[in-house]
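1. I'd like to go over a predicted model; first the sequence, then the structure.
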Amino acid sequence: MTAAGGEPLLSVSGLRVGFLTEDGLVQAVDGVSFELRPGEVLAIVGESGSGKSVTAQTTIGLTRSKNSRIEGSVRLAGEELIDAGEGQLGRVRGERIAMVFQDPMTSFNPVYRIGDQIVEAIRAHRDLSRAEGRRRAVELLDSVGIPDPERRVDGYPHEFSGGMRQRAMIAMALALEPEVLIADEPTTALDVTIQAQILRLLRDLNRERGLATILITHDLGVVAEMADRVLVMYAGKIVEQGTLDEIFYDPQHPYTWGLIGSLTRLDRPRPHRLPQIGGAPPSLLDLPQGCAFRPRCPHEFGRCAEAPELEARLPEGGEHRDRCWLTPEQKREKRQVEGRIGLEAPA
Amino acid sequence: MSTETLLEVTGLVKHFPVKRGILIDREVDRVRAVDGVSFSIARGETLGLVGESGSGKSTACRAVLQLIEPTSGSVRFEGREIAGLSRRRMRPLRREMQMIFQDPYASLNPRKRVGQIVGDPLRRQGIASGAELRRRVQELLERVGLSPEHYNRFPNEFSGGQRQRIGIARALAPRPKLVIADEPVSALDVSIQAQIVNLLDDLQDELGLTYLFVAHDIGVVRHISDRIAVMHDGRIVEQGSADQVCERPVDPYTKKLLAAVPIPDPRESRDRRGATLGGP
């Protein structure tokens, strides 16, 4: 495991992102706060519409538009980015915070050589000759495990397989030696054997270079392999946050129980039925009153009509926080009565 | 479960020619998408077909359904050879073999109402019409967990999971014997996947359906399947009971595939990483 102590590198607080649509204001992110420490892997888990990607994109100003309403604070090593000018943001993007997207096919321009695109990314920030840039691009491709980088540097995106393209994307993200890497569903479009290679690469980068990483994913298997800490998001809010082991072995929110319970496990006998969460995520235009998970929650009771805050609710809680009114005893009992978590507490 | 064979596929081959040339195309190479695949499915059974992209699993399904013409090989449905049947002679058999698709956003006509989408196959096949058609469609909607009132709505009013339910109702409308599901849950959110998998399970019990379930997610395939066939480079490299293939794989590719699936349990995941890396 990587070290996860020290002063926060990135500090997000009270982040709210809304989009004006024809049907009204969609509050995609509604009061999200978290810190990312140097060398840490923070996973943001959630389903479509949970606000996980919008949260990450907003940190580098990618959601700014005529129709978006952004409030709160995003500080990178003390420097406020939420109202930073485009010039200041431009220096942060790539140079200090880099991003890797789900689909490497659409992240590269198909008509330029991979190497030229990496060189351009470097030259936008650094004073470097073309020849030096090319040498650097070869080094980078080599460092992410692309075989024969001297030749591949002149290849076009379509000549790369999905996994190789994602490696090249990571190489480009690393070009300026950023402090923070945001990886948004970096392996979702890849086959499982390729996914394993990309995850290993990201883990090595984190371990060897101390690259602080925000990993956005819907896949708890990927989280278990990668993360130090986890945020679980639902309908624009964090519903639970804690260390990797806290989230998997002592989950407090019924939505987290549902996510963990519905996983299929190859290393366990299969259950007769897959535990499922009923219903569907709510529309952000028409959120239920109180707890947003209430209509789908099997443990809903009177108090849930009132929205719970994200708080430390365990006596020994540390930084483990959740947004559910049940008492810790009730939670322990209910998730065991259901027998659905499928994970025992760590020995 | 009876052991009567519903579908028997033997030596199925689908090659796509790679052509080049001016005026006269000549075949310079061929893509061996499906290269000698054999399997059979008993009535009431679920066979899971797993493989990564490009393994040929979707092409194999389409060749089984005669949506593309197989290069060679035999496909027997209820003992009858269907490989190479003309469209006209295939038509009455279509109702017996239905398909559920991956993307519930792309596979439903946005201009048609749910009632039409589900009812059209019935009307076209002359199975039902008028009030009888409406009654059957509404019954189906209820059976897949939707409401009869959804009859007059359009697909865009539904979430991904509900759309997949509409796709399932459409596939079940002609009362098929065999349902081929090609990645039916991979476009859905995690919390919805389990709902659809359980629904397919229930429908199989109620209606005695036989499934060919195609997916890249081995966890889901193992959950729903009685037997699993693993495809790689156009061939089946291993075939056996679901637990046997997942717990005691024999083929090196199957082993590699299983080892790559992340374990959603931090402790076991750390153990496994420690074991493969030989270090902390």
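-> Yep, it's here.
2. Counting neighbours, what do you get for the residue of the stretch 101-250 of chain A found nearest chain B?
-> Among the residues of the stretch 101-250 of chain A, A:Gly221 lies closest to chain B, at 3.1 Å counting by CB to the nearest CB. Any C-beta I mention is one placed from the backbone N, CA and C, and that applies to glycine too. Using other CB atoms under 10 Å in any protein chain shown, A:Gly221 is surrounded by 22 other residues.
3. element containing it, please.
-> Element membership for A:Gly221, per DSSP states H and E: helix A:220-226.
4. got it, and B:Leu49?
-> Assessed by DSSP H and E, B:Leu49 sits inside strand B:46-50.
5. What is the subsequent helix or strand relative to that strand?
-> Past strand B:46-50, the next helix or strand by DSSP H and E is helix B:57-64.
6. what does the helix or strand following that following helix contact?
-> Once the chain leaves helix B:57-64, the next helix or strand it forms, by DSSP H and E, is strand B:72-77. Contact with strand B:72-77 is made by B:5-13, B:36-37, B:63-64, B:66, B:81-83, B:93, B:96-97, B:178, as judged by CB atoms under 8 Å, 6 or more residues apart in numbering or on different chains.
7. Return the subset of these lying in strands.
-> Cross-referencing the contacts of strand B:72-77 against strands under DSSP state E gives B:5-13, B:36-37, B:81, B:97, B:178.
8. Any of these buried? List them.
-> By neighbour count, with 16 or more other CB atoms under 10 Å in any protein chain shown, those hold B:5-9, B:12-13, B:37, B:97, B:178 as buried.
9. thinking again about what came up before, can you give the distance of the helix holding A:Gly221 from its chain's centre?
-> Relative to the mean C-alpha coordinate of its chain, helix A:220-226 is positioned 11 Å out (CA atoms, centre = their mean, to the nearest Å).
10. What of stretch A:77-85?
-> Its chain's C-alpha centre and that of stretch A:77-85 lie 20 Å apart, by CA atoms, centre = their mean.
11. which residues are in contact with it?
-> Contacts for stretch A:77-85 (CB under 8 Å, 6+ apart): A:9-10, A:59-61, A:70-75, A:88-89, A:92, A:179.
12. what about 10 Å?
-> Stretch A:77-85 has contacts (CB atoms under 10 Å, 6 or more residues apart in numbering or on different chains) with A:7-15, A:38, A:58-61, A:64, A:70-76, A:88-93, A:96-97, A:179-180.
13. Out of those, which end up buried?
-> Buried subset of those (neighbour count, 16+ other CB under 10 Å): A:8-12, A:15, A:38, A:58-61, A:70, A:72, A:74-76, A:92-93, A:96-97, A:179-180.
14. Low-confidence regions, chain A specifically.
-> A:1-6, A:104-105, A:336-347 (pLDDT under 70).
15. again, only using 50
-> A:1-4, A:337-339, A:342-347 (pLDDT under 50).
16. Find the centremost residue of it, please.
-> A:Ile216 (2.0 Å; CA atoms, centre = their mean).
17. who does the helix or strand hosting that one pair up with?
-> Assigned by DSSP H and E, A:Ile216 belongs to strand A:212-217. In the sheet, strand A:212-217 lines up against strand A:41-45 (parallel), strand A:180-184 (parallel) (DSSP bridges).
18. Among those strands, show me which one is buried the most.
-> Ranked by mean neighbour count, the strands paired with strand A:212-217 are led by strand A:41-45 with a mean of 26 (mean count of other CB atoms under 10 Å in any protein chain shown).
19. in what helix or strand does A:Arg270 lie?
-> Assigned by DSSP H and E, A:Arg270 falls within no helix or strand.
20. any idea how far it is from A:Ala124?
-> 51 Å (CB to CB, to the nearest Å).
21. neighbour count winner among these two?
-> Neighbour count, other CB under 10 Å: between A:Arg270 and A:Ala124, A:Arg270 has more, with 17 against 13.
22. now, which of the buried ones among the ones in strands among the contacts of strand B:72-77 lie close to chain A?
-> Residues of those in contact with chain A (CB under 10 Å from any CB of the partner chain): none.
23. quick one: which of those residues is nearest A:Leu310?
-> Using CB to CB, B:Leu178 is the member of those that lies nearest A:Leu310, at 49.3 Å.
24. so the closest one makes contact with B:Ala42?
-> No - using CB atoms under 10 Å, B:Leu178 is not in contact with B:Ala42; the gap is 11.2 Å.
25. what is in contact with the two at once?
-> B:6-7, B:210.
26. could I get those residues as TSV with pLDDT?
-> As requested, the shared contacts of B:Leu178 and B:Ala42 are arranged in TSV below (pLDDT from 0 to 100):
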residue	pLDDT
B:Leu6	97
B:Leu7	97
B:Thr210	98
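27. and the residue of the stretch 101-250 of chain A closest to chain B, how far is that from A:Asp267?
-> Shown here: A:Gly221 relative to A:Asp267, a distance of 11 Å by CB to CB.
28. okay, the angle between the lengthiest helix in chain A and strand A:41-45?
-> Scanning chain A for the longest helix, with DSSP state H as the assignment, gives helix A:192-209. Relative orientation of helix A:192-209 versus strand A:41-45 (axes from the mean of the first three to the mean of the last three CA atoms, to 10 degrees): 140 degrees.
29. quick check: angle from helix A:192-209 to strand B:46-50?
-> Orientation check (the same axes, to 10 degrees): helix A:192-209 against strand B:46-50 gives 50 degrees.
30. same for helix A:192-209, what does it pack against?
-> Judged by 3 or more CB pairs under 10 Å, 6 or more residues apart in numbering or on different chains; DSSP states H and E, helix A:192-209 is in contact with strand A:41-45, helix A:130-143, helix A:162-174, strand A:180-184, strand A:212-217, helix A:220-226, helix B:252-260, helix B:266-277.
31. how about a cut-off of 8 Å?
-> Packing partners of helix A:192-209 (3 or more CB pairs under 8 Å, 6 or more residues apart in numbering or on different chains; DSSP states H and E): helix A:162-174, strand A:180-184, strand A:212-217, helix A:220-226, helix B:252-260.
32. could you dump these to CSV with distance to B:Arg111?
-> CSV is the format used below for those (distance: least, CB to CB, whole Å):
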stretch, distance to B:Arg111
helix A:162-174, 34
strand A:180-184, 33
strand A:212-217, 35
helix A:220-226, 38
helix B:252-260, 41
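33. Nearest approach to B:Phe101 belongs to which of those?
-> Going by CB to CB, the one of the helices and strands packed on helix A:192-209 nearest B:Phe101 is helix A:162-174, 21.6 Å.
34. mind exporting that closest one as PDB, just the C-alpha atoms?
-> Only the C-alpha atoms of helix A:162-174 are listed here, as PDB (Å, rounded to 0.1, in the frame of the first residue of the first chain):
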ATOM      1  CA  GLY A 162      -7.100  -0.300 -27.500                       C
ATOM      2  CA  GLY A 163      -4.700  -1.200 -24.700                       C
ATOM      3  CA  MET A 164      -1.700   0.400 -26.500                       C
ATOM      4  CA  ARG A 165      -3.700   3.500 -27.200                       C
ATOM      5  CA  GLN A 166      -4.600   3.800 -23.500                       C
ATOM      6  CA  ARG A 167      -0.900   3.400 -22.700                       C
ATOM      7  CA  ALA A 168      -0.100   6.200 -25.200                       C
ATOM      8  CA  MET A 169      -2.700   8.300 -23.600                       C
ATOM      9  CA  ILE A 170      -1.100   7.700 -20.200                       C
ATOM     10  CA  ALA A 171       2.300   8.500 -21.600                       C
ATOM     11  CA  MET A 172       0.900  11.800 -22.900                       C
ATOM     12  CA  ALA A 173      -0.600  12.600 -19.500                       C
ATOM     13  CA  LEU A 174       2.800  12.000 -17.900                       C
END
